[in-house]
Structure formats: C-alpha cells, structure tokens
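Novice: Quick check, what structure comes out for this input:
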Amino acid sequence: MNGFNNTATEVTTAALAVSISDATVTEGDTGTTNAVFTVRLSAPGTQTITASYRTILDTADGTDLNMASGFVTFAPGTTNQPIVIAVRGDTFRETNEQFFIELYNPVNAILGRARGSGTILDDETMVPALSISDTSVVEGNSGMIEAQFTISLSAPVGNMVWFDFATSDGTAKAMEGDYSSTGGNWFILPGSTNATLRVNVFGDTLPEPNETFFVTITSTSAPVTRAVGTCVILDDEPPLPPLIVAASTVLLSESYTPTNGYIDPGETVTANVALQNLGGGNPSITATLLSTGGVSSISGPQNYGVLSSGAAAVPRPFTFTANGACGSMLNAVLRLESGGTNFATITNQIVLGHPILVLAQNFDSTNSIPSGWANGAGSGFQWMIGGIFSHSPPNTVFIIDPPFPTDRPLLSPPLAISTASAQLAFLHRRVLGTGSGGVLEIAIGDDSFTDILAAGGSFVSGGYTHTMSNATALAGRMAWSGTVAGFVRTLVNLPPSAAGQSVRLSWRFVSNGQGAMSGWYVDTVSVTEAICSAPSLRILSPVKLGGQFHFCFESATGKTYWVDATDSLTSTNWQPVQSIPGDGSQKMVTNSIPASGQRFYRLRVP
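Specialist: Residues are numbered from 1 along each chain as shown. This is a model prediction of the structure:
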C-alpha cells in the first residue's frame, strides 16, 4: 500500500536447493583415508540453512569405513560445506566397494540431489593363492583319529574363497581300511587365511611300514600354488624286521645259440637278480647262490650293499647252469649274509623254457561271464562279474558268501594241454565265514571233476589254507577259507596226466549258509606251458691219441644222445657205439680206432 494509490505489490523469492556430490577414495593398506563429499546450495541464502545426513551401506560394510551422521549448516551467504567420512585401509584383495551419504530433513531449503555415492577403490595388486600342508598321524591300535590338513591363503580377501578337494591312495589304501576316502568342496571365510580339512584314519595292530595317502585341492576362486598334501600314517607297532625279497630276475646272456630269451635245461646263463627290502631296517647284504634246486657251476657271492626299507630294488649278476626238465621249476636259492652272519635264504623260482600261453583271462572286457566260462551245476548263489574288488580294473569274477547254503563251481573253457609242464596261475582274495571255502578241481578228458591235488597236481605257491568242517559239502577237505584282504597269487602244477588231453578247471565255492556277506574274488587267470631249446649238436675238440679217438659235446638235461660210427662214408651201415643221457654238462666220448686207421663218427638225438 503506498500513499498514492490503493494497489498492493507481492514479492516472490525462489526456494534454495541443497545437493550432495559423489566421492571416490583409494583405501590404502593401513589407517584411514578421508572420502570428502561436498554439499552445495543452489545460491547464497539470507538465513541459516541446515540439513541432516546419514551413512547408508551398500557393498561396503562397517569394517570398511567409520559410519557417520549429523548436520550440515550454511550460514547466510555460504554455498558449500564438506562431509568427511573416514575410510579404513586394509590389505584384502577385493572388488571396489560402495556406500552412500543421504541428505534429509532440510530447514529453510529443499532437497536437490539428496544422495551421494562413495566409491572405495581397492589398491591391492597381489592375487592371493591357495596351498595345502602335509601332515602326519600316529594310527593307534583301534578306532579312528583325524588327519588335519591346513589349507592356507597367502593373503586375506574380502570374499569367500571356495575350493574342491579329494583324497587318493598312496601306499595307504582306503579300500583296505587304512583311511576314509572323502571329497567335496569347502571355503576360507572373508578376512581369514586358512581352513582345516579332516580325514579319518583307522587304527590297527598290524606291524607295517609307514603309509601315505594324498589330498588334492582345486579352485576357481584363487590360483593354487601347492595342490597336493601328503599324510604319513605313522605305524606304532614294534618296528618291522627286514624282509628281503627277489624283486626280479633279468637274463643277461645265454650259452645256447640261437638265444631265445629264456633259461633252458642245461644252459649256462648270466642273470641279474634284484633284491628289495619290503620290511624295516637297513641291513647290508651279501648274497651267495647255492648249488641246489637245479643250479650248478655257480659264480661267486655278490655284495648288494645297504638295502634300505622301501628303497628301489638293487640288481647283481650271477652266472650258473640250469638243470632240470623242460617246464620244471628251477629253485635258485640265495643265502643272505649281513655282517658276516647268516641272515636269511630266498628261493627264486624260475620256469625252465619258453612259456606258451594257453589261457589268459582278466574278466575286464565284459560285464557278464566271458564266453566259454560258465557257472556249473550246483545250488545257491552264482558267480558274477563286477568291480567291487579287482586286481586288474575294472572287473573281477566273484561269488558272494551268502546267508543261505551254496555249492557252485566256476568252470573254465576246455583247454588243450600239450606237455607235462603246464601251470595254472591266478590271483584271488577272500572274506569267508568259517563254514565257507573254495577249492580248485580239474576234469581231464572225459573224467569227472576231482580236486587238483587228488588228480596229481601240486601247489607251487598259495596253496590251501584250511581243513573244512563236517558241516559243509567239503567236509574234511583242504580248501581256501578265512580272510585275506589283498589279492594273493596261487601257482599250480597241472597233473602230468593232463599232457595231450583236453581239461577244464573249476573254482568250486561251498558255503553252509552262515556267510559273512563278502565272498571269493578271482582275477588274472593264466595257463602256460614250456618249450625248450637245446644246445646245437656239435662235435667239439676231436683228437686222436694213440689208438683212441676222443671228442666232446654239450648235453641238455632230459635228452638222450647216440654216438654212431662207420668205417666208410659210402656205407649206410652206421653202428651204435654209445648211448649217453644228457644232464646239462659237457660229455666226452672215447672209442678205439680200427686197424684200418679210418673211422667216421656221428652224434644224434633220436
């Protein structure tokens, strides 16, 4: 209203807006670094202006910054005010993180941009890596104990690190009850640098070497610098004594020509015999090959040095002459001495001649009984193919020891046997109740099945272990029974009467129905025969002394040699002079020369 007229004038002032900026900060490794947000007025005011603020977390959490809240105040004429947030440094490898500062409840102003974004930049460049430790446990005599592997991260990170793990056998076998096989995935928590994996190890009272198994880790969350951890299961039974075995025999040279790569009757050979210590201790061993078991003309002792427990086999050469029939077993006996004292003897069994394979079956090419093989007539459970236990994966042939009476043979295909040197070899393991057992039977030609021993065969190794009770169909007979956790080898000489015949073999299983629900597992079956070489027929060192003519020749064991003579090469009338049985040695022939002063000799094997 003025003094000149009655008109009213209204003055309108625009509202001021308060807004907040974003802020970005590099976190650092220690202490705090300030993230500074700027709060601005859209224009200077003429009165005091305030606004409240608060912190809102997003991917950042309370460990990453000091959360703050309060007021910002603008005095008249001012347009900018800071809000300072302290960001904490760390050494975690992590992604960039975010939080917000939010304005609210303005006084004498309105809200413009009410939320500012705070970005924390991670400044770690090292990529933390995973590794697994080794460990060891004393197994104990019973129950179980935990083997603990530590999974380590080289530096903490701000997120969970996942990894997969799996156990695997070394000399310790999960299937034989040494430890519990396990696997899966696990994690290391954010900010932590380790996690623990636990594997159950089972106690026993068997004296045995220390055993090992492994845990392998893989991860897509972090690189792995050490992927395999080893656990040593420390045996706590009294120390094992040394157990020296003949690990291998490798032929180096042969006296017969042409050579055939095998030791033949009557042949002088040189062979590397490798010895290994499968027990405990570290004995120093000298070995002497004895003149027994078909071995003669022997070279001297060999010094093997220290044979450490579990170390590789050590070879040494021996030269000797092999005596025996083709296909027979040469028993090369080594006498071992340690420190000048007799330590042990080892018998290394060697088949004379070139083995010919008549049958080979490992049951791995099919998931059913192979062609030619069959379940024989009987009762109860039948033989099957499967992979629960096998010596040559994936399969073996087996029969369950069931809770009901069973009498069932597994029959081989018909086999044509040519010589009296045929041998059967197979591997088997068993978990059988006291009323259950297995036997090996043979049918020769048209004869019925009978026990291998009754038929004239013999066990070289791995023979029967028990006499069966009267409560089974095998009453009073020797058989395989009881429990053997691993596969063992049985070697059998087939009856000499099998030569020139067709035979079938039978693995007969009998149970009285009180079985342990495991069974008899048979694998890697073979039948072999032998073909032997002989020294070439040569007249050696012929010489005339006075009225006598002398010459020599090399003989072979099992052969008969004839010396014939004639006074004229144009005559077909050769007269026998002498019959000489061969024994692998050199033979001398002496014969009188006739008055005519001329005689011709020949050497032959009929």
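Novice: Quick check: end-to-end length of stretch 595-606?
Specialist: By Cα to Cα, to the nearest Å, the extent of stretch 595-606 from end to end equals 30 Å.
Novice: Off-centre distance for that stretch?
Specialist: On the basis of Cα atoms, centre = their mean, to the nearest Å, stretch 595-606 sits 64 Å off its chain's mean C-alpha point.
Novice: Could you pull up the mean pLDDT of it?
Specialist: Here stretch 595-606 scores 81 as its mean pLDDT.
Novice: What lies in contact with it?
Specialist: Contact with stretch 595-606 is made by 534, 537, 539, 549, 551, 553, 559-569, 574, 577, 589, 591, 593, as judged by Cβ atoms under 8 Å, 6 or more residues apart in numbering. For every residue, glycine as well, the C-beta is placed using N, CA and C.
Novice: hmm, which of these are the buried ones?
Specialist: For the contacts of stretch 595-606, a neighbour count by 16 or more other Cβ atoms under 10 Å gives the buried set as 534, 549, 551, 553, 559, 561, 563, 565-566, 577, 589, 591, 593.
Novice: Now, those residues that are in helices?
Specialist: Among those, none falls in helices (DSSP state H).
Novice: In strands only, show me those.
Specialist: Phe549, Phe551, Phe553, Tyr561, Val563, Ala565, Thr566, Val577, Val589, Asn591 (DSSP state E).
Novice: which one of those is nearest Val84?
Specialist: Phe553 (112.4 Å; Cβ to Cβ).
Novice: who does the closest one bridge with?
Specialist: Beta-bridge partners for Phe553, by DSSP bridges, are Lys587.
Novice: likewise the one 10 residues further on?
Specialist: Per DSSP bridges, the residues bridged to Val563 are Gln578, Leu603.
Novice: Save the buried ones among the contacts of stretch 595-606 as a markdown table, and put in distance to Ile85 too.
Specialist: Shown next, in a markdown table, are the buried ones among the contacts of stretch 595-606 (distance: Cβ to Cβ, whole Å):
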| residue | distance to Ile85 |
| --- | --- |
| Ala534 | 100 |
| Phe549 | 121 |
| Phe551 | 114 |
| Phe553 | 108 |
| Lys559 | 105 |
| Tyr561 | 110 |
| Val563 | 116 |
| Ala565 | 122 |
| Thr566 | 124 |
| Val577 | 121 |
| Val589 | 115 |
| Asn591 | 122 |
| Ile593 | 126 |
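Novice: out of those residues, which one sits closest to Leu330?
Specialist: Closest approach between the buried ones among the contacts of stretch 595-606 and Leu330, by Cβ to Cβ: Ala534, at 16.1 Å.
Novice: any idea how far the nearest residue to the closest one once chain neighbours are set aside lies from Ser297?
Specialist: In space, and not counting its chain neighbours, Ala534 is closest to Ala556: 4.0 Å by Cβ to Cβ, 6 or more residues apart in numbering. Taking Cβ to Cβ, to the nearest Å as the measure, Ala556 and Ser297 are separated by 15 Å.
Novice: Verify the contact between Thr249 and Thr347 for me.
Specialist: No - Thr249 is not in contact with Thr347 according to Cβ atoms under 8 Å; the separation is 11.9 Å.
Novice: Common neighbours of those two, please.
Specialist: Common neighbours of Thr249 and Thr347 (Cβ under 8 Å, 6+ apart) are Ala332.
Novice: Does the nearest residue to Ala332 once chain neighbours are set aside lie in a helix or a strand, and which?
Specialist: Among residues not flanking Ala332 along the chain, Asn348 sits closest, at 4.4 Å (Cβ to Cβ, 6+ apart). According to DSSP states H and E, Asn348 maps onto strand 341-351.
Novice: Where do the strands of the stretch 51-200 of the chain begin and end?
Specialist: 69-74, 80-88, 97-107, 110-111, 115-121, 130-132, 135-138, 144-153, 161-169, 183-188, 194-202 (DSSP state E, counting those that start in this stretch).
Novice: Deepest-packed of those, please.
Specialist: The highest mean neighbour count among the strands of the stretch 51-200 of the chain, using mean count of other Cβ atoms under 10 Å, belongs to strand 130-132: a mean of 21.
Novice: Could you check how far Phe100 is from Asp58?
Specialist: 6 Å.
Novice: For the closest residue in space to Leu41 that isn't next to it in sequence, give me its contacts.
Specialist: In space, and not counting its chain neighbours, Leu41 is closest to Thr79: 4.4 Å by Cβ to Cβ, 6+ apart. Contacts for Thr79 (Cβ under 8 Å, 6+ apart) come out as Arg40, Leu41, Ala43, Pro44.
Novice: before we move on, back to that, tell me the buried residues in the helix or strand following the strand holding Asn348?
Specialist: Once strand 341-351 ends, the next helix or strand along the chain (criterion: DSSP H and E) is strand 354-361. For strand 354-361, burial by neighbour count (16+ other Cβ under 10 Å) applies to His354, Pro355, Val358, Leu359, Gln361.
Novice: Skipping adjacent residues, who's closest to the fourth one in space?
Specialist: In space, not counting the residues next to it along the chain, Leu359 is nearest to Val527; the distance is 4.0 Å by Cβ to Cβ, 6+ apart.
Novice: Please save the CA atoms from the helix or strand containing the one you found in PDB.
Specialist: Here Val527 sits within strand 519-531, counting by DSSP H and E. What follows is strand 519-531, C-alpha atoms only, in PDB (Å, rounded to 0.1, in the frame of the first residue of the first chain):
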ATOM      1  CA  GLY A 519      32.900-113.500  -0.800                       C
ATOM      2  CA  TRP A 520      35.600-115.000  -3.100                       C
ATOM      3  CA  TYR A 521      37.200-112.900  -5.800                       C
ATOM      4  CA  VAL A 522      39.300-114.400  -8.600                       C
ATOM      5  CA  ASP A 523      41.300-112.400 -11.200                       C
ATOM      6  CA  THR A 524      44.100-112.600 -13.800                       C
ATOM      7  CA  VAL A 525      43.900-116.300 -14.600                       C
ATOM      8  CA  SER A 526      46.500-117.900 -16.900                       C
ATOM      9  CA  VAL A 527      47.600-121.300 -18.000                       C
ATOM     10  CA  THR A 528      51.100-121.700 -19.500                       C
ATOM     11  CA  GLU A 529      53.300-124.500 -20.900                       C
ATOM     12  CA  ALA A 530      57.000-124.500 -21.800                       C
ATOM     13  CA  ILE A 531      59.000-125.100 -25.000                       C
END
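Novice: report the angle between the axes of it and strand 354-361?
Specialist: 150 degrees (axes from the mean of the first three to the mean of the last three Cα atoms, to 10 degrees).
Novice: Tell me where the model's unsure across this protein.
Specialist: 1-14, 93, 125-127, 516, 557-558, 596-597 (pLDDT under 70).
Novice: again, only using 50
Specialist: The model of the chain has pLDDT under 50 over residues 1-13.
Novice: picking that back up, next, report how far the helix or strand following the strand holding Val527 is displaced from the centre of its chain.
Specialist: For strand 519-531, the succeeding helix or strand toward the C-terminus, using DSSP H and E, is strand 540-545. Offset of strand 540-545 from its chain centre (Cα atoms, centre = their mean): 61 Å.
Novice: how close does Thr78 get to Ile244?
Specialist: The value you get for Thr78 to Ile244, if Cβ to Cβ is used, is 97 Å.
Novice: With neighbour numbers in mind, choose between those two.
Specialist: Ile244 (23 against 13; other Cβ atoms under 10 Å).
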